[in-house]
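[1] just coords:
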């Protein structure tokens, strides 16, 4: 049984969300809050598995409520808002504080019957199912490592490469890192952030504003270029192919979220012919730990974010426990380590 809570100040939306939750016996609504402060207080005394959090509420809004909840009584938070397109920056701010994902508020008219609610609210129900599976996976998943076999490396030595993986709380941490990378960076950078494809372009644009380097969505078939930051941009896994071009594939993976950090890191370990630098940032679950280990075994410098700066110390902890991290650093120290680790 997944315990669900709702934080929303609009009665019509509140009732719509109640009706959606009632369609699935796996969910149990344990409380509702009409503003962020009430949500923070209720969460302290009765922490749910999942909160459906509105962005705009009187007094304490969804962004600040997310920040306080993740600091005091952390749980999975899904932003549910009618104002996605006009609130991109606030959405990524909430995700930086620990919200897992965002989805549009379902529109249920007065003639929406119990039998048609599931169809009308399919995007929300899909997100809830993904988050629910993600919560379960973070508890049940084995940490046993199964290393992929390396394919023979091409003799040509490419430019340096930095790869970064993140989930819960990742946008803020990634922004902090890329904003301090110099415009003269000799390495190419690829970012894998657990985020739905409908928000990936907005995420790249948001990072681009804060970065001295150009940031854009990775395109299938392209090579990684020095001095550019590429962001995985679809609900398929980003992978590196034998010819070192990038591709999107629906590869089977134990991880619930797409794109998977593990899938990308492993493909890089197989096909990038010289060691680079890999970073695993804040996130719920264990995605990325085994991929970081695969890179480490091929000579890469591997870094896991330290507990003190993580919003959720899940993915980095799994990497540390696996022995996959050469260094464990706070997010503020990671950029300096990356720059110092590049070849002269």
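    Thanks, I have it. Only a predicted model underlies this, so the values are computations on that prediction, with no experimental measurement involved. Numbers count the residues shown, from 1 in each chain.
[2] make it CA atoms for all contacts and neighbour counts henceforth
    Noted.
[3] which one's the longest helix in this protein?
    When the chain is parsed with DSSP state H, its longest helix is helix 122-140.
[4] What is that one packed up against?
    Here helix 122-140 touches strand 76-81, strand 101-104, going by 3 or more CA pairs under 8 Å, 6 or more residues apart in numbering; DSSP states H and E.
[5] Over the first one, what's the mean pLDDT, rounded is fine.
    Here strand 76-81 scores 93 as its mean pLDDT.
[6] mind starting the numbering at 879 from now?
    Fine by me, first position is 879 from now on; the one you just mentioned is strand 954-959.
[7] Give me the residues contacting that strand.
    Contacts to strand 954-959, defined as CA atoms under 8 Å, 6 or more residues apart in numbering, come from residues 927-933, 940, 944, 969, 976-983, 1006, 1009, 1013.
[8] what's the answer for the shortest one, then?
    For strand 979-982, the external contacting residues (CA under 8 Å, 6+ apart) are 955-962, 969, 973, 1001-1002, 1005, 1073-1074.
[9] Who are the contact partners of the spatially closest residue to residue 1139 that is not a sequence neighbour?
    Leaving aside its sequence neighbours, residue 1139 sits nearest to residue 1166 (CA to CA, 6 or more residues apart in numbering; 4.7 Å). The contact partners of residue 1166, by CA under 8 Å, 6+ apart, come to 1043, 1138-1140, 1143, 1158, 1193, 1197.
[10] Residue 997: neighbouring residues, count only.
    Neighbour count for residue 997, taken as other CA atoms under 10 Å: 11.
[11] For it, pull up the helix or strand it's in.
    helix 992-998 (DSSP states H and E).
[12] mind pulling up the phi and psi values for residue 1207?
    Here is the backbone geometry of residue 1207 (degrees, to the nearest 10): phi -130, psi 150.
[13] Residue 1115 and residue 1074, how far apart?
    Distance of residue 1115 to residue 1074, computed by CA to CA, to the nearest Å: 12 Å.
[14] Identify the contacts common to those two.
    residue 1136.
[15] Those two: which has the busier surroundings?
    residue 1115 (24 against 19).
[16] if we can go back for a sec, hmm, who's touching the following helix or strand past the longest helix of the chain?
    Heading C-terminal from helix 1000-1018, the first helix or strand you meet, by DSSP H and E, is strand 1039-1044. For strand 1039-1044, the external contacting residues (CA under 8 Å, 6+ apart) are 1052, 1065-1072, 1104, 1139, 1143, 1154-1161, 1166.
[17] what secondary structure does residue 936 sit in?
    coil (DSSP: H, G, I helix; E, B strand; the rest coil).
[18] Give me the below-cutoff pLDDT ranges for this structure.
    987-993, 1014-1036, 1129-1134, 1222 (pLDDT under 70).
[19] can you give me the strands for it?
    880-885, 905-911, 928-931, 954-959, 979-982, 1039-1044, 1066-1071, 1093-1095, 1107-1109, 1115-1118, 1124-1127, 1155-1158, 1179-1183, 1205-1207 (DSSP state E).
[20] rewinding a little: residues of the longest helix of the chain that come out buried?
    Of the residues in helix 1000-1018, 1002-1003, 1005-1006, 1009-1010, 1012-1013, 1015-1016 count as buried by neighbour count, 16 or more other CA atoms under 10 Å.
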